[in-house]
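Visitor: based on what follows, work out the 3D shape:
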Amino acid sequence: MAIAEALTQPVKDQLDKIVKTGGSEASSPKKGGIELFSPQYYAACTFGGIIACGPTHSAVTPLDLVKCRRQVNPHLYKSNVQGWSTILKTQGDSIFTGLGATFIGYSLQGAGKYGFYEFFKKTYSDLVGPTNAKKYNTGVFLAASASAEFLADIFLCPFETIKVRTQTSIPPYAKTVFQGWSKVVATEGFGGFYNGLVPLWARQIPYTMVKFASFEKTVEAIYKYLGKPVSSYSPIQQTGVSFLGGYIAGIFCAIVSHPADVMVSKINSDKKATESVGQALGRIYGEIGFKGVWNGLPVRILMIGTLTGFQWLIYDSFKVYVGLPTTGH
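Guide: Numbers count the residues shown, from 1 in each chain. This next block holds a predicted model:
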């Protein structure tokens, strides 16, 4: 946990300062005690990412658990409800299997995703100049989010490895995160945590690019539609816009990533030992067709939209709390 402490300590110090002043600095984003683009600013964004991603991903652990197990063995459970019922009746099993690794992993990923995004957005904007940054802001958003996720996944990958192994084995691979960590190191060395890094990048980077760029553009469009400057709205109203923008961004994320998610599930459950990945993809697509890769999209939209909306709500609410403006303007 030394990494997490190093990331969060600066903003904890800032929060202590705000509390000692009676919260006056947090009451108005215009008069916030944190200077924009200062080390304290990036520390606050980093901590905001932790509390936005760790708890929200942890909250859907029961759904993620059954989903992962059904991807590995589609005959294990007939439905999510039947899966949960079976798990609850099985001694030594739990619907919260993998919770610890999920919380730690996605807290660290959230720290990198949001903290580095703010850093790279400022860096790339300065690099291309104010005129081009404004004219081609979508490109800046995409480049910043891709760079941030590239680094964030390095933090996430070890705990994603533990999470997946724990969730897809019965009985679970490890009872605790620390036991799982010790087992991987003992059998494969530290490098064992990063066997899945490239696939993780392939899944997460495009997803995050859509998540951040569509959020920024959606919020921009919402305020343009409302017809008033952002400053004319209260912090609660602004965070409401963040939730709506995040939910809409989540819909885009779900749509863009859904075919790949379906094919990954199919590969995990239906790939033959004699097939290469490419051969399996071709065969499976031939069987299910274009329509088949969109199966289950409404449920995914509901889950990802809600998850993303709450992440942006939590993140921007925290920024307002410490005296910073919300994201997207």
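
Visitor: please make it C-alpha for all contacts and neighbour counts, starting now.
Guide: Fine.

Visitor: after the helix or strand of the chain with the lowest mean pLDDT comes which helix or strand?
Guide: When each helix and strand of the chain is scored by mean pLDDT, DSSP states H and E, helix 2-20 comes last, with a mean of 46. Scanning forward in sequence from helix 2-20 by DSSP states H and E, the next helix or strand is helix 39-59.

Visitor: pull out the buried positions in that next one.
Guide: By neighbour count with 16 or more other Cα atoms under 10 Å, helix 39-59 contains the buried residues 40-59.

Visitor: how about stretch 249-261?
Guide: 249, 250, 251, 252, 253, 254, 255, 257, 258, 259, 261.

Visitor: now, among those residues, which is nearest to residue 91?
Guide: If you rank the buried residues of stretch 249-261 by distance to residue 91 using Cα to Cα, residue 261 comes first, at 30.9 Å.

Visitor: got a list of what the closest one touches?
Guide: For residue 261, the contact set (Cα atoms under 8 Å, 6 or more residues apart in numbering) is empty.

Visitor: how much space between it and residue 321?
Guide: Distance, residue 261 to residue 321, using Cα to Cα, to the nearest Å: 36 Å.

Visitor: contacting residues around residue 82?
Guide: So residue 82 contacts nothing (Cα under 8 Å, 6+ apart).

Visitor: helix or strand: which one has it?
Guide: With DSSP H and E as the test, residue 82 turns up in helix 80-89.

Visitor: please state the offset of that helix from the chain centre?
Guide: Chain-centre distance of helix 80-89: 26 Å, with Cα atoms, centre = their mean, to the nearest Å.

Visitor: so residue 272, which state does it fall into?
Guide: coil (DSSP: H, G, I helix; E, B strand; the rest coil).

Visitor: that older thread, now do the buried residues in whichever helix or strand comes after the helix holding residue 82.
Guide: Scanning forward in sequence from helix 80-89 by DSSP H and E, the next helix or strand is helix 99-128. By 16+ other Cα under 10 Å, the buried positions in helix 99-128 come out as 99-122, 124-125.

Visitor: by how many degrees do helix 99-128 and helix 39-59 diverge?
Guide: 140 degrees (axes from the mean of the first three to the mean of the last three Cα atoms, to 10 degrees).

Visitor: dump stretch 171-191 to PDB, keeping only the CA atoms.
Guide: The C-alpha trace of stretch 171-191 is given here as PDB (Å, rounded to 0.1, in the frame of the first residue of the first chain):
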ATOM      1  CA  PRO A 171     -12.500 -23.000  -4.500                       C
ATOM      2  CA  PRO A 172     -11.000 -19.600  -4.900                       C
ATOM      3  CA  TYR A 173      -7.300 -19.300  -5.900                       C
ATOM      4  CA  ALA A 174      -6.700 -17.300  -2.700                       C
ATOM      5  CA  LYS A 175      -8.600 -16.200   0.400                       C
ATOM      6  CA  THR A 176      -7.000 -12.800   0.500                       C
ATOM      7  CA  VAL A 177      -5.100 -10.400  -1.800                       C
ATOM      8  CA  PHE A 178      -1.900 -11.000   0.100                       C
ATOM      9  CA  GLN A 179      -2.200 -14.700  -0.200                       C
ATOM     10  CA  GLY A 180      -2.800 -14.400  -3.900                       C
ATOM     11  CA  TRP A 181       0.200 -12.100  -4.200                       C
ATOM     12  CA  SER A 182       2.400 -14.600  -2.400                       C
ATOM     13  CA  LYS A 183       1.300 -17.500  -4.500                       C
ATOM     14  CA  VAL A 184       1.900 -15.700  -7.800                       C
ATOM     15  CA  VAL A 185       5.400 -14.500  -6.700                       C
ATOM     16  CA  ALA A 186       6.300 -18.000  -5.400                       C
ATOM     17  CA  THR A 187       5.300 -19.800  -8.600                       C
ATOM     18  CA  GLU A 188       5.900 -17.300 -11.400                       C
ATOM     19  CA  GLY A 189       7.900 -14.500  -9.900                       C
ATOM     20  CA  PHE A 190       6.900 -10.800 -10.100                       C
ATOM     21  CA  GLY A 191       6.600 -11.100 -13.900                       C
END
